[in-house]
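Peer 1: Kindly generate the corresponding structure for this input.
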Amino acid sequence: LVRWALALWVFHVLVRKLGKVGATGNRFQSYVSPVLRGSSLTSLVVYMTGGIPSFGHIVNDPRTVSDANGAYTFAPILRAVPVIPPGPEIGEFVNVPIPFNVFTWFDPYYRDFGLVGVFIFPLLTGAIANFLRQRAKQSSFALAALSLILALTAWAPFSNKFISTFTYEYLMLVPMIAAAISLSATQ
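Peer 2: Okay, the predicted model is just below:
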């Protein structure tokens, strides 16, 4: 609980430093609860809850499921090996009723594979995380990979960081991180 409170406080400070304070955001002030109007917590509430109605907007729009053939889900690989054009990294804005372009981690899976993708990819993520959890005490590689999966899962309400180029770069670093963990454990 203390960690969550500290994380929320850090987010609040970061938002204020960047000037992204909901207290001054006229585009959504009329849509939030009167309790939040003028509060610097408005941004936090909007960004913590906006992804779900945005994803609902995509689900209700039949044009979003296409024959993308994995263009969104596998975009980082397709940027390196351009077999088919990758999907855009930043989504279009939808009105929910404010303009919003964060769609939860289900977005690329739904765009590529429909509801089947929404069920299969999180299931695979959970199975891999469980597999790594069972081996984390014996393997520094499993511990480092599990840490990465858990950190990426924390972003699930906002966007899909599993399909980020940044994540693929870290995947290449996991063996080095695992070696460093092993080395420090032996010393």
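Peer 1: In the chain, where is pLDDT below threshold?
Peer 2: 19-28, 40, 65-67 (pLDDT under 70).
Peer 1: So which elements touch the longest helix along the chain?
Peer 2: When the chain is parsed with DSSP state H, its longest helix is helix 107-135. Helices and strands touching helix 107-135, as assessed by 3 or more CB pairs under 8 Å, 6 or more residues apart in numbering; DSSP states H and E, comprise helix 51-59, helix 140-153. Backbone N, C-alpha and C define where each C-beta goes, glycine included.
Peer 1: Turn those helices into TSV, columns for mean neighbour count and distance to R111.
Peer 2: Below are these laid out as TSV (neighbours: other CB atoms under 10 Å; distance: least, CB to CB, whole Å):
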stretch	mean neighbour count	distance to R111
helix 51-59	18	7
helix 140-153	18	19
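Peer 1: could I get those helices as TSV with distance to I181?
Peer 2: Listed next are the helices and strands packed on helix 107-135 as TSV, based on distance: least, CB to CB, whole Å:
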stretch	distance to I181
helix 51-59	33
helix 140-153	4
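Peer 1: Any idea which of these gets closest to Y168?
Peer 2: helix 140-153 (10.9 Å; CB to CB).
Peer 1: buried ones in stretch 42-51?
Peer 2: Buried residues in stretch 42-51, defined by neighbour count with 16 or more other CB atoms under 10 Å: T42, S43, L44, V45, V46, Y47, G50, G51.
Peer 1: Export these as TSV, with columns for distance to V118 and secondary structure.
Peer 2: Compiled in TSV, those are given as follows (distance: CB to CB, whole Å; DSSP: H, G, I helix; E, B strand; the rest coil):
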residue	distance to V118	secondary structure
T42	29	helix
S43	28	helix
L44	26	helix
V45	25	helix
V46	24	helix
Y47	22	helix
G50	18	coil
G51	14	helix
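Peer 1: Tell me which two in those are the farthest apart.
Peer 2: Longest span within these, CB to CB: T42 and G51, 16.0 Å.
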